[in-house]
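> Fold the following for me, if possible:
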Amino acid sequence: QEFHGAVQAALGWACWKTNVGRPDTDEFRCNAIGILGNALRESGRPEEALLALEARYALTQRCWSHDKQAILACRANIATCLTKLGRHDEALVLDREVYAGMVASIGDSHERTIGNGMNLAISLQYAGLFDEARTLLRDRLLPAARRLGVDHDVTLRIHQSLTDALYGNPESTRDDLLEAETIL
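Here you go, the predicted structure:
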């Protein structure tokens with residue numbers, strides 16, 4: 001079951017308080033601070049979330065530097081938090097690095113890579129790079145549909161992000177708008 005808002009934040013704090021006494025090298029402690037950071041971010045407290053997510057990243061680098069997937073996941077969470085804070089240029093740099101790292105390490109058709117590609121596309125839109133976002137989303141759509149299915153949440157969110165890139169571009173053509181309407 002997924003929780004939201006104050007309940008999610010409370011559970012994040014409870015998770016952290018339960019595990020804070022463990023050694024730094026304990027995986028549960030490391031995960032707990034990440035859970036707290038994500039809960040704070042999703043409950044509308046991105047400034048506090050960023051502190052927790054950066055602490056998780058530093059801990060992961062120090063204790064699990066060999067785990068490239070964990071490091072990329074930490075960086076992706078920080079990028080999402082930076083987006084929530086309106087720090088779009090910083091988020092875009094991180095999202096590009098994370099996406100490239102995911103493609104290199106687990107391939108471009110893995111669910112996590114597809115999700116990170118969508119995050120990159122959103123950052124591209126915030127930066128006003130609508131054409132690049134549109135190209136990336138179109139490239140991710142077929143692998144997402146094949147791997148996850150056409151009704152999977154990630155595939156549907158790619159469709160939504162593509163329509164946002166088509167509608168949101170101030171230089172959209174009539175054909176772009178018709179394509180967005182067709183997708184919806």
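> For stretch 53-72, the averaged confidence score.
When pLDDT is averaged along stretch 53-72, the result is 96.
> in it, what's buried?
In terms of neighbour count (16 or more other CB atoms under 10 Å), stretch 53-72 has its buried residues at 53-57, 59-60, 63-64, 70-72. C-beta coordinates here come from the backbone N, C-alpha and C atoms, glycine included.
> Most widely separated two among the residues you listed?
By the measure CB to CB, A55 and L72 form the most distant pair in the buried residues of stretch 53-72, at 17.1 Å.
> Go ahead and measure how far stretch 140-152 is from the middle of the chain.
Distance of stretch 140-152 from the chain centroid (CA atoms, centre = their mean, to the nearest Å) equals 17 Å.
> Which parts of this structure are helices?
Using DSSP state H, the helices found in the chain span residues 5-19, 27-42, 46-63, 68-84, 88-106, 111-126, 130-148, 153-168, 174-183.
> ok, E132 to Y126 distance?
Using CB to CB, to the nearest Å, E132 is found at 12 Å from Y126.
> out of the buried residues of stretch 53-72, which one sits closest to G21?
G21 has its nearest neighbour among the buried residues of stretch 53-72 in L59, at 14.9 Å by CB to CB.
> and the lowest-mean-pLDDT helix or strand in the chain, how far out from the chain's middle?
Counting by mean pLDDT, DSSP states H and E, the chain has its least confident helix or strand at helix 5-19, which shows a mean of 86. Here helix 5-19 is found 21 Å from its chain centre; the criterion is CA atoms, centre = their mean.
> which stretches of the chain have low pLDDT?
Along the chain, no part satisfies pLDDT under 70.
> Between E132 and Y126, which is the more surrounded one?
It is Y126, of E132 and Y126, that has more neighbours when counted by other CB atoms under 10 Å, with 18 against 15.
> and the more buried one, what does it touch?
Contacts here follow CB atoms under 8 Å, 6 or more residues apart in numbering; on that basis Y126 touches 83, 88, 91-92.
> Number of residues surrounding L177?
14.
> Without its sequence neighbours, what residue ends up closest to Y57?
Nearest residue to Y57, sequence neighbours excluded (CB to CB, 6 or more residues apart in numbering): C74, at 4.0 Å.
> now L85
Distance criterion CB to CB, 6+ apart; nearest residue to L85, sequence neighbours excluded, is P46 at 4.9 Å.
> what do you get for A144?
T155 (4.4 Å).
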